[in-house]
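K.L.:
sequence and predicted structure, then a few things I'm wondering about:
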Amino acid sequence: MNKSTLRWKLLKSILFTALFTGILYFLFVQIGLFLHPGFVSLWFSLLSPLFVMLLVIVLGSYFSYKDTLSIRNRLEDISTQIITLSRGRFTEKIKLTEEDEIGRISFELNELTDKLQKQVTSLQNLANQKADLAEKARGAAIIEERQRLARDLHDAVSQQLFALNMMSSASIKMMDRDIETAKSQMVDVADLASKAQVEMRALLLHLRPIHLSEDTLCVGIRKLVDELEKKSGVTFHLTLDELPELPGGIEENLFRIVQESLGNALRHAEASVIRITVKLKKKQFSLHIKDNGKGFEMNENKKGAYGLDSMQERSDEIGGQFRVSSRPDEGTLVEVRVPLEG
């Protein structure tokens, strides 16, 4: 038995109590024999203290076991509640049974749960308000997005097209002199053209509207995947639970995270298979996006390059938990968990 547990400490107290009781009883019997010789037999005076000690140990152990069992169960409820809170589920509470010290701790923990739930609700309300404000500022955002797209087109696709032009021109000139070298250069041209095509599809993905219009989140994801599957050649596997009606701000941020993640998988990961899972369990929404791409080393520079900071901010705005795990040659996993109210 672990000597630091509550039961061991209680058992140790019972053993000391039994020993002390047996000694007192033995002294009491000896005083009785001294004052009244023949009061009890010698064997009784020697064995009865042992019987009393055994009785104290048995009864004490029985009642302490019952009491500590109840205390242990209540402490385990508190431990389970703390783990539940750490996982972002703020709807479950501890059942209050007694108004003692543990009961007061349980009550305070339930109060903390309510406060956390209210904070999450406030964050989600702010996200909805921000979505309304974002709608009004969409004109400016469109201009900014066009400027960003122009930069990306210049930095990536435009340079690749320039390289294609130069390489194809060189191959045409080389055909008359060295046909094998020309063939090798044309293979490089085809490879570069394929990369430029993937780059363009990823950029076009970011041109999609960040709002879902009249579609639900799951319908929007299915439409997005259907379009990408036809154009990119990537295989998608969808597992989408039926969801209740979600506030617009939450759906828009989650959809934008999906867009950003899929864009990364197409543009950087060179993935051939992408799995998207949406689940709802005990008022806890979870989104998993897993690809089999080339992965990357997790560090601050990569986070900024792949737009992970933006996805983290969107998750924070709706009171969610965002996590990315990736290793070279092992693909990338994006996870978002959001507690839902009511």
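P.N.:
Structure's in. What do you need?
K.L.:
tell me where the chain has helices.
P.N.:
For the chain, applying DSSP state H gives helices covering 6-35, 42-86, 101-136, 138-152, 159-175, 179-205, 217-232, 248-264, 300-305, 308-317.
K.L.:
show me what counts as buried in the third one.
P.N.:
Under the neighbour-count criterion of 16 or more other Cβ atoms under 10 Å, helix 101-136 has 102, 106, 109-110, 113, 116-117, 120-121, 123-124, 127-128, 131 buried. Bear in mind the C-beta positions are built from the backbone N, C-alpha and C, glycine included.
K.L.:
now for it, which elements pack on it?
P.N.:
With contacts taken as 3 or more Cβ pairs under 8 Å, 6 or more residues apart in numbering; DSSP states H and E, helix 101-136 sits against helix 42-86, helix 248-264, helix 308-317.
K.L.:
mean confidence score for it?
P.N.:
Regarding helix 101-136, the rounded mean pLDDT is 79.
K.L.:
check the fifth one too.
P.N.:
Across helix 159-175, the average pLDDT comes to 67.
K.L.:
mind pulling up the pLDDT for residue 302?
P.N.:
On pLDDT, residue 302 comes in at 55.
K.L.:
over to residue 43?
P.N.:
Looking at residue 43, the pLDDT reads 66.
K.L.:
likewise residue 56?
P.N.:
On the pLDDT scale, residue 56 gets 71.
K.L.:
isn't it right next to residue 13, touching?
P.N.:
No - the pair residue 56 / residue 13 is not scored as a contact, 11.2 Å apart, by Cβ atoms under 8 Å.
K.L.:
ok, and the closest non-adjacent residue to residue 332?
P.N.:
Nearest residue to residue 332 in three dimensions, chain neighbours excluded: residue 326, at 4.0 Å (Cβ to Cβ, 6 or more residues apart in numbering).
K.L.:
number of nearby residues for the one you found?
P.N.:
By the measure other Cβ atoms under 10 Å, the count of residues near residue 326 is 20.
K.L.:
same thing with the one 5 residues further on?
P.N.:
Other residues within reach of residue 331, judged by other Cβ under 10 Å, total 21.
K.L.:
state the pLDDT value of the closest residue to it other than its chain neighbours.
P.N.:
Nearest residue to residue 331 in three dimensions, chain neighbours excluded: residue 292, at 4.7 Å (Cβ to Cβ, 6+ apart). On pLDDT, residue 292 comes in at 91.
K.L.:
residue 292 touches residue 332, doesn't it?
P.N.:
No - contact criterion Cβ under 8 Å: residue 292 and residue 332 do not qualify, at 9.1 Å.
K.L.:
the more surrounded of these two?
P.N.:
Higher neighbour count among residue 292 and residue 332: residue 332, with 26 against 19, using other Cβ under 10 Å.
K.L.:
that older thread, how about the residue nearest to residue 331, phi and psi?
P.N.:
phi -100, psi 30 (degrees, to the nearest 10).
K.L.:
residues in contact with it?
P.N.:
271, 272, 273, 274, 331 (Cβ atoms under 8 Å, 6 or more residues apart in numbering).
K.L.:
if we use 10 Å, what do you get?
P.N.:
Contact analysis of residue 292 by Cβ atoms under 10 Å, 6 or more residues apart in numbering lists 234-235, 265, 269-275, 329-332.
K.L.:
no further questions, thank you.
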